[in-house]
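A.B. asks: what's the 3D shape of this:
(one chain, ligands or ions: 1)
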Amino acid sequence: MTYRVTLIPGDGIGPEITAATCRILEATGVKFEWETVQAGITYMEQSGDKEPLPDAVLDSIRKNGLALKGPIGTPIGTGFRSVNVALRQGLDLYACVRPCKTYPGIMSRYSDVNLVIIRENTEDLYAGIEFDKGSEAMVDLEALVAKHLPNKKLPKDAAVSLKPISEAGSRRIVEFAFKYAIDNKRRKVTAIHKANIMKFSDGLFLRVAREVAQQYPQVQFEEMIVDAACMNLVIRPESFDVMVLGNLYGDIVSDLCAGLVGGLGVAPGANIGTHATVFEATHGTAPMIAGRGIANPMAMLLSGRLMLKHIGERDAARRLEDAIRLVLREGIGLTPDLNPSGGGSTEGFADAVIEALRTRVPV
Ligand code: NAI
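C.D. replies: Below is the predicted model:
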């Protein structure tokens, strides 16, 4: 069987790490046909298109149901909306799954982290419902606040971003987290919130999480305020198992957890919807090291491993992880983020993993 996968190389280090990842995934013996499509800032510059996410990309992913995506840049504080957010919303990729696991050979402060972040991907402050300072819409919003919340006042020079959290959106992400826990033999789900302050939005999320938890008595349920969760993650990360969070908390806590296991270069992810799944690393385009051949492909590769598991190629996924473990343990070809003085490269790491797959990891 040949799997047809949409391949989006992306910006910055994206093309380097996706090329290395495709090469390694092919070396597992699983057959892939890559349908390469372009999106992002580099695509806009090269094609002259004013749209960073052409319809062809969404069509290709809808058709194939699977995509491997490199990072795509989003300039900060401009009118340019994130392609990543548009992709997740456009394809309703509502669940972002980010496993964070310590691997021997990777320098980190902890040795026994093995947790999974389940981040809601479509709602929250990422909904893009924003009111600019001084806009006509802002004047209307001020009037609305004055009418319904007479004790509250919006500062005249404020800009506002809305945080919609729906009952249906909360239910499907928490249900996803519990099903994920059961399918992956995990013991506990922790719902992260700030319902003490945001009584309605986070309060709704927490109420739904408690309701859903009752349907899964075989999985332990825990709830934690997001700030306390951050402290506990740093003090005893091994006490966490599956964490379910809204979009913004999920984004921030994902990077924190990547830091627990060795950095962004080793943190994979999958954006899962009902009809399509997009696999991508947690990290961004790393512009400072783009084009230098030293980006760590491991996060992208581990995302590829999640894809192997997702399509049922569990044996190939296991062999790939074994090969990565071997290379990490021996420290061959590790990129500078993992071994600053080792002189390793993206391609060198890929070669080492392929060699381990071909000669040292039993079929
Ligand atoms: P970043 O993740 O690109 O970089 C943060 C730090 O981690 C930098 O020091 C970078 O060199 C390092 N790093 C990241 N990935 C690495 C890798 N594979 N190997 C070695 N070192 C690595 O985050 P930053 O700088 O905040 O964002 C840069 C751009 O990426 C922005 O335009 C942002 O919008 C975009 N971005 C895209 C994402 C996506 O496509 N899913 C996710 C996060 C950011």
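A.B. asks: can you get me a residue count around Asn121?
C.D. replies: By other Cβ atoms under 10 Å, the residues close to Asn121 number 29. All C-beta spots, glycine's among them, are computed from the backbone N, C-alpha and C.
A.B. asks: what pLDDT is listed against it?
C.D. replies: pLDDT recorded at Asn121 is 95.
A.B. asks: contact partners for it?
C.D. replies: By Cβ atoms under 8 Å, 6 or more residues apart in numbering, the contact set of Asn121 is 88, 93-96, 247, 250, 271.
A.B. asks: point out the least confident one among those.
C.D. replies: Within the contacts of Asn121, lowest confidence goes to Arg88 (89).
A.B. asks: quick one: it and Thr122 touch, right?
C.D. replies: Yes. Proximity of Arg88 to Thr122 meets the contact threshold set by Cβ atoms under 8 Å, at 6.1 Å.
A.B. asks: shared neighbours, those two?
C.D. replies: Residues touching both Arg88 and Thr122 by Cβ under 8 Å, 6+ apart: Tyr94.
A.B. asks: the two: which is more packed in?
C.D. replies: Thr122 (24 against 21).
A.B. asks: hmm, the helix or strand that Val5 is a member of in reach of the ligand?
C.D. replies: Assigned by DSSP states H and E, Val5 belongs to strand 2-8. No. Judged by Cβ under 6 Å from any ligand atom, strand 2-8 stays clear of the ligand, getting no closer than 9.4 Å.
A.B. asks: for the chain, name the helix or strand with the lowest mean pLDDT.
C.D. replies: helix 83-90 (a mean of 88; mean pLDDT, DSSP states H and E).
A.B. asks: got the angle for that helix vs strand 2-8?
C.D. replies: For helix 83-90 against strand 2-8, the angle by axes from the mean of the first three to the mean of the last three Cα atoms, to 10 degrees is 130 degrees.
A.B. asks: which of the contacts of Asn121 fall in strands?
C.D. replies: Among those, DSSP state E puts 95-96, 271 in strands.
A.B. asks: can I get those in a markdown table with neighbour count?
C.D. replies: Below are the ones in strands among the contacts of Asn121 laid out as a markdown table (neighbours: other Cβ atoms under 10 Å):
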| residue | neighbour count |
| --- | --- |
| Ala95 | 25 |
| Cys96 | 25 |
| Asn271 | 26 |
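A.B. asks: what is the nearest of these to Arg236?
C.D. replies: Nearest to Arg236 out of the ones in strands among the contacts of Asn121 is Cys96 (Cβ to Cβ; 24.0 Å).
A.B. asks: need the contact list for the residue nearest to the closest one when sequence neighbours are not counted.
C.D. replies: In this structure, Cys96 finds its nearest non-sequential neighbour in Arg119, 4.0 Å apart by Cβ to Cβ, 6 or more residues apart in numbering. Arg119 sits next to 95-96, 98, 245-247, 249-251, 254 when contact means Cβ under 8 Å, 6+ apart.
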